[in-house]
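**Student:** everything below, folded, please.
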Amino acid sequence: MARDTSDSTPITGFSELVGHLAEGCKPEADFRIGTEHEKIAFFIDGNKPVPYEGKASISALLEGMKEKLGWDAIMDDGRIIGLAESSGMGAISIEPGGQFELSGAPLENLHETCKESGVHLSTLHEVAEPLGIRFLGVGASPKWTFAETPKMPKSRYAIMSRYMPKVGTQGLDMMYRTCTIQVNLDFSSEADMRRKMQVSMKLQALSTALFAASPFTDGKPNGLLSWRGDIWRDTDNNRSGLLPFVFKDDFGFADYVEWALDVPMYFVVREGKYHDCTHITFRQFMDGALKGELEDWQPNMGDWANHLSTMFPDVRLKRFLEMRGADGGPWRRICALPAFWVGLLYDAEALDAIEAYTKDWTFDEVQALRDAVPVQALNATFRGEKLLKIAAEVMEISRLGLKNRARMNSEGYDERAFLAPIEEVVAKKATLAEEMLAQYHGRWKENIDVLFDDYQC
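**Tutor:** Residues are numbered from 1 along each chain as shown. Predicted coordinates:
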């Protein structure tokens, strides 16, 4: 999750909230790719979870990475909970269950993106190996029970942990036991944002299917291919899932702001202290709901930016678009996820093609697909045909977009090579989750510990 921001500029009206999003518009020449990926830390000895504190711990990993990288420590109540590159070109954070995340720098092409993830993992291994720690690339914690899962001492997580059971059945599992790969992409105008958000909202279920990699819970098969995808079906439906208004022909920044205003808040930060605000919406906050509770009760732009970071729709709108549908996975998939979306959204011909392909997809149809994918993945059906067939057609459009971008590496290869891991899924007609299950019932002899050897990242 993103680092909480501070901006004391007062909010005086609705237009400023809309303007905050509109400030993300930029020329196409300035479009960048920002990739985020999470992985699960575990001890090599016994495949056990890694606690926050101790000589071999999550905090020790952060301190070691701080020394290696020279990045600034992010502190919370005297504890290190992340790192930030001083010029804003990347950050490291920890998720509630100790999942270790890189929020990558905004980069120009996928060659740079893949290099960044490779260097990050190499550096992290240098720090982790002497501590007896390695990392698992999957979509959700496969072995440890919720009780066995470590809990990170981050103030916003304490507030969320109290709140989640009030609004859904799977929010705590989302927080503490899932992992994802995400990509953040730019838009040039409100119209460009609309096109990209509508297309990507319709296709997040396909992304979940292609990247399905969470078929185990508590050490055994859970009956799903993407447990993470299923978890998001009942986490907090006030702030997550598909957004019906995004499907409107005239959807714009103001619609998203109207929705976000009426979603309950998590917190405000004042003088470094987090105050629980789950009892009010942001609209009520703007109407003075905290007057008398806090001395500094007036909302500011930092509060708004932080509130937007607590929205969890399948595609999140901030000053860029976040693609949120994919399970985590091994290193090659960290490169494949941004490749898939860059190919579709960052080339004019490809964007025209995928917009036409999905133009008449309705909210109800996409919702039904989203509900089916966690169990069936590419075997789910859409308008009478398997999602596998649709995947192959969408992949062709993504390949076209990457070809048209013609961003070459030093050896003369363009970005299409990064699609290989999901092209293999389509060719084999089997997701990574299905391969894992086949191995579990075969070579692994139903021993989940072998997964920790085979799917490291």
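**Student:** surely Pro51 and Thr149 touch.
**Tutor:** No. At 10.3 Å, Pro51 does not count as touching Thr149 under the criterion of Cβ atoms under 8 Å. Every residue, glycine included, has its C-beta placed from N, CA and C.
**Student:** more neighbours: which of the two?
**Tutor:** Comparing Pro51 with Thr149 by other Cβ atoms under 10 Å, the one with more neighbours is Thr149, at 20 against 17.
**Student:** for that one, phi and psi?
**Tutor:** For Thr149, the backbone dihedrals (degrees, to the nearest 10) come out as phi -70, psi 130.
**Student:** quick one, what contacts it?
**Tutor:** Counting by Cβ atoms under 8 Å, 6 or more residues apart in numbering, Thr149 touches Pro49, Gly97, Gly98, Ser141, Tyr176, Arg177.
**Student:** and Pro421, by the same measure?
**Tutor:** Applying Cβ under 8 Å, 6+ apart, the residues near Pro421 are Gly329, Arg332, Arg333, Cys335, Ala336.
**Student:** pretty sure Ala128 sits against Ala60.
**Tutor:** No. In terms of Cβ under 8 Å, Ala128 does not count as a neighbour of Ala60; the distance is 9.1 Å.
**Student:** what average pLDDT does stretch 361-379 get?
**Tutor:** Across stretch 361-379, the average pLDDT comes to 98.
**Student:** what's in contact with that stretch?
**Tutor:** Against stretch 361-379 from outside (Cβ under 8 Å, 6+ apart): 201-202, 204-206, 208-210, 212, 223-227, 229-230, 233, 241-242, 244, 247, 314, 380-383, 386-388, 391, 425-426, 429, 431, 433-434.
**Student:** let's see it at 6 Å
**Tutor:** Outside stretch 361-379, the residues that touch it by Cβ atoms under 6 Å, 6 or more residues apart in numbering are 202, 205, 208-209, 212, 224-226, 229-230, 242, 244, 247, 380, 382, 387-388, 391, 431.
**Student:** how about stretch 263-282?
**Tutor:** If you take Cβ under 6 Å, 6+ apart as the criterion, stretch 263-282 is touched by 4, 155-156, 159, 163, 238-239, 261-262, 289, 296, 303, 307, 310.
**Student:** swap in 7 Å and give it another go.
**Tutor:** Contacts of stretch 263-282 from elsewhere in the structure, counted by Cβ atoms under 7 Å, 6 or more residues apart in numbering, are 4, 155-156, 159-160, 163, 238-239, 260-262, 285, 289, 294, 296, 303, 306-307, 310-311.
**Student:** alpha carbons only: can I get that stretch in PDB?
**Tutor:** Extracted C-alpha coordinates of stretch 263-282, given in PDB (Å, rounded to 0.1, in the frame of the first residue of the first chain):
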ATOM      1  CA  VAL A 263     -17.000   6.000   1.100                       C
ATOM      2  CA  PRO A 264     -16.200   5.700   4.800                       C
ATOM      3  CA  MET A 265     -12.700   7.000   5.600                       C
ATOM      4  CA  TYR A 266     -10.000   5.000   7.400                       C
ATOM      5  CA  PHE A 267      -8.000   7.800   9.100                       C
ATOM      6  CA  VAL A 268      -6.600  11.200   9.100                       C
ATOM      7  CA  VAL A 269      -3.000  11.900  10.100                       C
ATOM      8  CA  ARG A 270      -2.200  14.900  12.400                       C
ATOM      9  CA  GLU A 271       1.300  15.500  13.700                       C
ATOM     10  CA  GLY A 272       2.300  12.000  12.800                       C
ATOM     11  CA  LYS A 273      -0.600  10.400  14.700                       C
ATOM     12  CA  TYR A 274      -3.300   8.300  13.000                       C
ATOM     13  CA  HIS A 275      -6.900   9.100  14.000                       C
ATOM     14  CA  ASP A 276      -9.600   6.500  13.300                       C
ATOM     15  CA  CYS A 277     -12.200   8.000  11.100                       C
ATOM     16  CA  THR A 278     -14.100   4.900  10.000                       C
ATOM     17  CA  HIS A 279     -17.300   6.300  11.400                       C
ATOM     18  CA  ILE A 280     -17.600   9.100   8.800                       C
ATOM     19  CA  THR A 281     -17.400   9.600   5.000                       C
ATOM     20  CA  PHE A 282     -15.200  12.100   3.400                       C
END
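**Student:** next, the buried residues of it.
**Tutor:** 263-269, 274-278, 280-282 (16 or more other Cβ atoms under 10 Å).
**Student:** which of the contacts of stretch 263-282 are buried?
**Tutor:** Neighbour-count burial (16+ other Cβ under 10 Å) is assigned, among these, to 4, 155-156, 159-160, 163, 239, 260-261, 285, 289, 303, 306-307, 310-311.
**Student:** quickly list what the nearest residue to Ser8 once chain neighbours are set aside is bridged to.
**Tutor:** Distances taken as Cβ to Cβ, 6 or more residues apart in numbering put Asn300 closest to Ser8, at 5.1 Å, once the chain neighbours are dropped. On the basis of DSSP bridges, Asn300 is bridged to Pro10.
**Student:** can you list the weak-confidence ranges in this protein?
**Tutor:** Where the chain drops to pLDDT under 70, the residues are 1-5.
**Student:** longest helix in it, by number of residues?
**Tutor:** helix 190-210 (DSSP state H).
**Student:** for stretch 262-279, how far is the first residue from the last?
**Tutor:** 12 Å (Cα to Cα, to the nearest Å).
**Student:** report the distance from that stretch to the chain centre.
**Tutor:** Distance, stretch centre to chain centre, for stretch 262-279: 22 Å (Cα atoms, centre = their mean, to the nearest Å).
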